[in-house]
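In: please find the sequence and the predicted model below.
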Amino acid sequence: MTGRRRLAMKKKMPLITMTLVLTIAAAGCSSGSPNQNGAETASNSAKPASSEPVSIEFAAGKDASGELEKSIARFNSTHDNIKIKYVELPQVPNEQMTRYSTWFNSKSNTPDLFMTDVTWPAMFASAGWLAPIDEYADASYLQRFWPAAVEVGKVNNKQYGIQGYMDVGVLFYRKDLLDKYNLPVPQTWAELTKVSQEILQKENDPKLTGYLFQGAKIEGATINWLEHLWGQNGDIYDQGKVKVDSDKGIQALKTMNNLITQDKVSPVSVSTSNPNDNTIAFSAGNAIFMRNWPAAFTQLKGTKVEGKVGIAAIPHSDGSESHSSTGGWVYAINQFSEHKKEAWEVMKFFLSDEEQKSMGTNASKIPSVRKVFDDPELKKAQPIFEQLPAVMEKAKSRPVLRNYEQISRSVQTQVNLVLSGQKDPEAALRDAQKEIDEKLK
């Protein structure tokens, strides 16, 4: 523990609010004038009052690729006045939340800069833990990023963070099977159903199913429901209030359920499946379509379907358009930090074109900066990224709500009950709405 943190901890004992802990248990950048890509030159670095470099503690989960530590080394070797000290956190989000709760409830001034899950910024900002970055990140700077990368860090019209790297839901499809029967990649749920039924009939393979998605009582169930809702021009808000049992909300859940019960293109087992389960089944050649994250693509190497898979946007309802949900991690600055300006310089370095490209090329992380996708070296290293810009442009972050985790827990529970055949969609979302209204009192 550093001297700065020890001093803050002595002033106030850590208090981890029980409500916050229970809530999270449910969820699963140099100084001076910027150059063209948002980074800044070391020679223009802001000089601290003393001759000693400012130490910026940066907290983030362990990076198995090792690229994060290389990025930090690049910063430290080119900056005399600011040095990054990496505070490695566990990879499990719940464990990270416990650390952050302990530090920030005690008003610790470190870590200065940290990464939060995409569902945490509103909660952290409401608790007074995040420093606004509006004075550093103007509108022209923010235009460098995908819309969802900015939206996720905006709370009550203030910018509290920017997504460092992205994740986004995509549709995996068997190119070989679609080509075999001269069928198009489906754009709507009706088309996916029709294509699946035709292939299933012609293949006559009892092990083959049409469409896999995440329906277990996990965050994935909420995400899939949101993508169906957004895909029919629906929203979780109604006149500023959270409303999940709207007509479109109910229809979204009916569409999900019909894939199992009426259309017979999804197996009942989706009600107990997570992304890894889906990837295992898909890689064994047992599905035509799958909703998953791009990282699943690398897991298909060496399997029966290697070289036979493409990705596309998540389907939508007729007359609407696709909006995939994003995942990933957000850079944010500690409200209690004594070095916010220097923390911003580190954050801006991580968000520079060069560092975003490096993380994408060497760590397979999806950049949050738009123009990086045009880089030929990145395209060569990550061919799948070429399919992502169109998806990223219309992707949405999950609702930026202080109580999002509680809301998601109610939704995923009820969605799962429907998919497992225990409730009908309308009754389920009515019950979810009652729970949410009670929690938001």
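Out: On my side now, so go ahead. Bear in mind the structure is a predicted one, so any value in this text is a computation, not a measurement.
In: and residue 292, what is it in contact with?
Out: Residue 292 is in contact with 169, 170, 172, 212, 275, 278, 279, 282, counting by C-beta atoms under 8 Å, 6 or more residues apart in numbering. Every residue, glycine included, has its C-beta placed from N, CA and C.
In: taking these one by one, which sit in helices?
Out: 275, 278, 279, 282 (DSSP state H).
In: for stretch 145-154, which positions count as buried?
Out: For stretch 145-154, the neighbour count (16 or more other C-beta atoms under 10 Å) marks 145, 146, 147, 148, 149, 150, 151, 152, 153, 154 as buried.
In: list just the nearest of these to residue 107.
Out: Within the buried residues of stretch 145-154, the smallest distance to residue 107 is 21.6 Å, found for residue 153 (C-beta to C-beta).
In: export the buried residues of stretch 145-154 to JSON lines and tack on pLDDT, secondary structure and distance to residue 290?
Out: Below are those laid out as JSON lines (pLDDT from 0 to 100; DSSP: H, G, I helix; E, B strand; the rest coil; distance: C-beta to C-beta, whole Å):
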{"residue": "145", "pLDDT": "98", "secondary structure": "strand", "distance to residue 290": "28"}
{"residue": "146", "pLDDT": "97", "secondary structure": "coil", "distance to residue 290": "23"}
{"residue": "147", "pLDDT": "96", "secondary structure": "helix", "distance to residue 290": "26"}
{"residue": "148", "pLDDT": "97", "secondary structure": "helix", "distance to residue 290": "22"}
{"residue": "149", "pLDDT": "97", "secondary structure": "helix", "distance to residue 290": "25"}
{"residue": "150", "pLDDT": "98", "secondary structure": "helix", "distance to residue 290": "29"}
{"residue": "151", "pLDDT": "97", "secondary structure": "helix", "distance to residue 290": "26"}
{"residue": "152", "pLDDT": "97", "secondary structure": "coil", "distance to residue 290": "25"}
{"residue": "153", "pLDDT": "97", "secondary structure": "coil", "distance to residue 290": "30"}
{"residue": "154", "pLDDT": "97", "secondary structure": "strand", "distance to residue 290": "32"}
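In: residue nearest the centroid of this structure?
Out: Of all residues in the chain, the one closest to the mean position by C-alpha atoms, centre = their mean is residue 327, 0.8 Å from it.
In: bridge partners for it, pull those for me.
Out: residue 167 (DSSP bridges).
In: hang on, the earlier thing: farthest pair in the buried residues of stretch 145-154?
Out: Longest span within the buried residues of stretch 145-154, C-beta to C-beta: 146 and 154, 13.5 Å.
In: which stretches of the stretch 51-200 of the chain form strands?
Out: With DSSP state E, counting those that start in this stretch as the criterion, the stretch 51-200 of the chain has strands at 54-61, 82-89, 113-117, 154-155, 158-159, 161-168, 170-174.
In: got TSV for the ones you listed, with distance to residue 305 too?
Out: Shown next, in TSV, are the strands of the stretch 51-200 of the chain (distance: least, C-beta to C-beta, whole Å):
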stretch	distance to residue 305
strand 54-61	30
strand 82-89	35
strand 113-117	30
strand 154-155	39
strand 158-159	41
strand 161-168	21
strand 170-174	7
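In: quick one: closest of those to residue 437.
Out: Closest among those, using C-beta to C-beta: strand 154-155, at 21.9 Å.
In: any stretches of the protein with poor pLDDT?
Out: Residue ranges of the chain with pLDDT under 70: 1-50.
In: now with 50, please.
Out: 2-3, 5-48 (pLDDT under 50).
In: who's sitting farthest from the centroid in it?
Out: residue 51 (40.0 Å).
In: so that one versus residue 81, what's the distance?
Out: Distance, residue 51 to residue 81, using C-beta to C-beta, to the nearest Å: 9 Å.
In: where along the stretch 301-441 of the chain do the strands fall?
Out: 309-312, 326-333, 366-367.
In: dump the ones you listed to CSV, plus distance to residue 349.
Out: Formatted as CSV, the strands of the stretch 301-441 of the chain follow (distance: least, C-beta to C-beta, whole Å):
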stretch, distance to residue 349
strand 309-312, 31
strand 326-333, 10
strand 366-367, 14
